[in-house]
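# Structure of the sequence below:
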Amino acid sequence: MPRGIPFIIHGKLGDPELKNVPQFTEVIKGEENLKAFKTWANQYDFQRPLVVPPKTPPERLAMLRKALQKTLTDPTFLSEAEKSKMLIDNVTGEEVERVVEEILSISPAIKNKLQFLVTTKKQE
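Take a look at the predicted model:
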């Protein structure tokens, strides 16, 4: 099957074949446009985050984060994941929290730029 030739990429790809292919963040012009793109695209870095209920005690959250990181960096776990052809892309809870805060704090101008992504159901 023929493969496409990438001309621009997004994300943290470590593929040596793509080392000379620019990232979207390198070619987008204007700070507001870059912030709008990051607001839309950054959530792809953590497609399926694990969450806890609101008001979870901070010490419990810290314990759960530590346990998850220990698992996701465990050599035996990673070896088994590789045998199963599972891709493990470890994103810490702190990273997810930072990106979510960034998304939630966007300016009205950036919200307006991204409005086309949200469709509203028309009244009949």
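
# Okay, strands next: where are they in the chain?
Listed in chain order, the strands of the chain (DSSP state E) amount to none at all.

# for it, longest helix please?
In the chain, taking DSSP state H as the definition, the longest helix is helix 58-72.

# Let's see the pLDDT reported for the most centrally placed residue in the chain.
For the chain, Asp45 is the residue whose C-alpha lies nearest the centre (Cα atoms, centre = their mean; 1.8 Å). As predicted, Asp45 sits at a pLDDT of 77.

# Pretty sure it sits against Asn90.
No. Applying Cβ atoms under 8 Å as the test, Asp45 and Asn90 come out as separate, 10.8 Å apart. The way it works is simple: take the backbone N, C-alpha and C, and place the C-beta from them, glycine included.

# any weak-confidence spans in this structure?
In the prediction, the chain carries residues with pLDDT under 70 at positions 1-3, 11-15, 122-124.

# Show residues contacting stretch 64-83.
50, 52, 87-88, 90, 92-94 (Cβ atoms under 8 Å, 6 or more residues apart in numbering).

# Could you export that stretch as PDB, CA atoms only?
Only the C-alpha atoms of stretch 64-83 are listed here, as PDB (Å, rounded to 0.1, in the frame of the first residue of the first chain):
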ATOM      1  CA  LEU A  64      -2.100   7.600  42.600                       C
ATOM      2  CA  ARG A  65       0.100   9.600  40.300                       C
ATOM      3  CA  LYS A  66       3.200   8.100  41.800                       C
ATOM      4  CA  ALA A  67       1.900   4.600  41.500                       C
ATOM      5  CA  LEU A  68       0.900   5.100  37.800                       C
ATOM      6  CA  GLN A  69       4.300   6.600  37.000                       C
ATOM      7  CA  LYS A  70       6.000   3.700  38.600                       C
ATOM      8  CA  THR A  71       4.000   1.300  36.500                       C
ATOM      9  CA  LEU A  72       4.500   3.200  33.300                       C
ATOM     10  CA  THR A  73       8.200   3.300  33.700                       C
ATOM     11  CA  ASP A  74       8.600  -0.200  35.000                       C
ATOM     12  CA  PRO A  75      11.000  -2.200  32.600                       C
ATOM     13  CA  THR A  76       8.900  -5.400  32.900                       C
ATOM     14  CA  PHE A  77       5.700  -3.600  32.100                       C
ATOM     15  CA  LEU A  78       7.300  -1.800  29.200                       C
ATOM     16  CA  SER A  79       8.800  -5.100  27.900                       C
ATOM     17  CA  GLU A  80       5.400  -6.800  28.000                       C
ATOM     18  CA  ALA A  81       3.800  -3.800  26.300                       C
ATOM     19  CA  GLU A  82       6.300  -4.000  23.500                       C
ATOM     20  CA  LYS A  83       5.700  -7.700  23.100                       C
END
